[in-house]
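A.B. asks: sequence and computational prediction follow.
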Amino acid sequence: MGILEDMSTLLQQGRAPKVKELVTQALEEGISPKDILEEGLLSGMSVIGEKFKNNEVFVPEVLIAARAMNAGVEILKPYLVSAGVETKGTAVIGTVKGDLHDIGKNLVKMMLEGKGLNVIDLGVDVSPETFVEKAKEYNADIICCSALLTTTMTEMKNVVDKACAEGIRDKVKIMIGGAPVTQSFCDSIGADYYTPDAATASEVALKICTG
Ligand code: B1M
């Protein structure tokens, strides 16, 4: 097996120290940072994303794989910047105002990063004002809102309204998700996309950014 294939396999197993070792070795062998990212790290994360979607792996495996990916990306970051590898798009993400659940939001963030997007994580209990301010500041392609409570999902409409009021609605897509959220709720508040899980969210986000 080649080094990038090994890297992908180790990432899927969540073996962060080994992944870091292989990224360093691949750089020493002269493999391009772009190939290491795409054929080593992101390909491994894609496999995990697909398995997660099909209930073949669960939250703990996804989290440790994501940690291994982050460990590899940390080493690669300076090389990627200097090699001029462009990110595919920018998303701001957060859990809506009044809601402190962040496990699902963090998974969505990791999957988006796994697709090569630049993700600005606003954390939990994020107000509509902050979502919109940060979307403007980072010139984001997508605002991603997560909610786990029936009492907080209504905040998503306030994000849509705020984006309209601030005049950025035609520049930014609004994606929503979380256990109580549905497609009909998405339609009713005028958001752009509802996705039921992190893997689908990352696929849709990539499509939004790359056309
Ligand atoms: Co809370 N909680 N909780 N909780 N909690 C739920 C959500 C609840 C369903 C439990 C229950 O009663 N059965 C219930 C909500 C009821 C409702 O509104 N329908 C509930 C409640 C009531 C509460 C409190 C009000 C309890 C209290 O204090 N009385 C309180 C609220 C605090 C607050 O937020 N203001 C509360 C607190 C907490 C903890 C802090 C203890 C903890 C959160 C820890 C944390 O997140 N750091 C917690 C937890 C862990 C849960 C449960 C057990 C698990 C949630 C979770 O992380 N699931 C949950 C019960 C359950 O769901 N079984 C529950 C795993 C996660 C991977 O799934 O977040 O759904 P999920 O994300 C999925 C998809 O939804 C999707 O992708 C993810 C993976 O594929 N997705 C998106 C999520 N965001 C997306 C965004 C997208 C696209 C897809 O696009 C942008």
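C.D. replies: Cool, got the structure.
A.B. asks: my guess is residue 156 meets residue 145, correct?
C.D. replies: Yes: the pair residue 156 and residue 145 passes the contact test of Cβ atoms under 8 Å, sitting 5.0 Å apart. The way it works is simple: take the backbone N, C-alpha and C, and place the C-beta from them, glycine included.
A.B. asks: intersection of neighbour lists for those two?
C.D. replies: Common contact partners of residue 156 and residue 145 (Cβ atoms under 8 Å, 6 or more residues apart in numbering): 96, 174, 176, 191.
A.B. asks: rebuild these as JSON lines, extending it with neighbour count.
C.D. replies: Output for these, formatted as JSON lines (neighbours: other Cβ atoms under 10 Å):
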{"residue": "96", "neighbour count": "27"}
{"residue": "174", "neighbour count": "21"}
{"residue": "176", "neighbour count": "27"}
{"residue": "191", "neighbour count": "22"}
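A.B. asks: filtering those by proximity to the ligand, which remain?
C.D. replies: When contact is defined as Cβ under 6 Å from any ligand atom, these meet the ligand at residue 176.
A.B. asks: from the shared contacts of residue 156 and residue 145, pick the one nearest the ligand.
C.D. replies: The shortest approach to the ligand among these belongs to residue 176, at 5.5 Å (Cβ to the nearest ligand atom).
A.B. asks: now that closest one, what's its secondary structure?
C.D. replies: Here residue 176 takes the strand state, with states given by DSSP: H, G, I helix; E, B strand; the rest coil.
A.B. asks: return the distance of the residue lying closest to residue 38 once chain neighbours are set aside relative to the ligand.
C.D. replies: Among residues not flanking residue 38 along the chain, residue 116 sits closest, at 7.7 Å (Cβ to Cβ, 6 or more residues apart in numbering). Distance of residue 116 to the ligand, given as Cβ to the nearest ligand atom, to the nearest Å: 17 Å.
A.B. asks: pull stretch 34-43 out as CSV, backbone CA atoms only.
C.D. replies: Presented in CSV, the C-alpha positions along stretch 34-43 are these (Å, rounded to 0.1, in the frame of the first residue of the first chain):
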residue,chain,number,x,y,z
LYS,A,34,-2.4,19.1,-1.9
ASP,A,35,-2.1,15.3,-2.6
ILE,A,36,-1.5,14.6,1.0
LEU,A,37,-4.6,16.5,1.9
GLU,A,38,-6.9,15.1,-0.8
GLU,A,39,-5.7,11.6,-1.3
GLY,A,40,-4.6,10.9,2.3
LEU,A,41,-6.6,12.9,4.8
LEU,A,42,-9.8,13.9,3.0
SER,A,43,-10.2,10.5,1.3
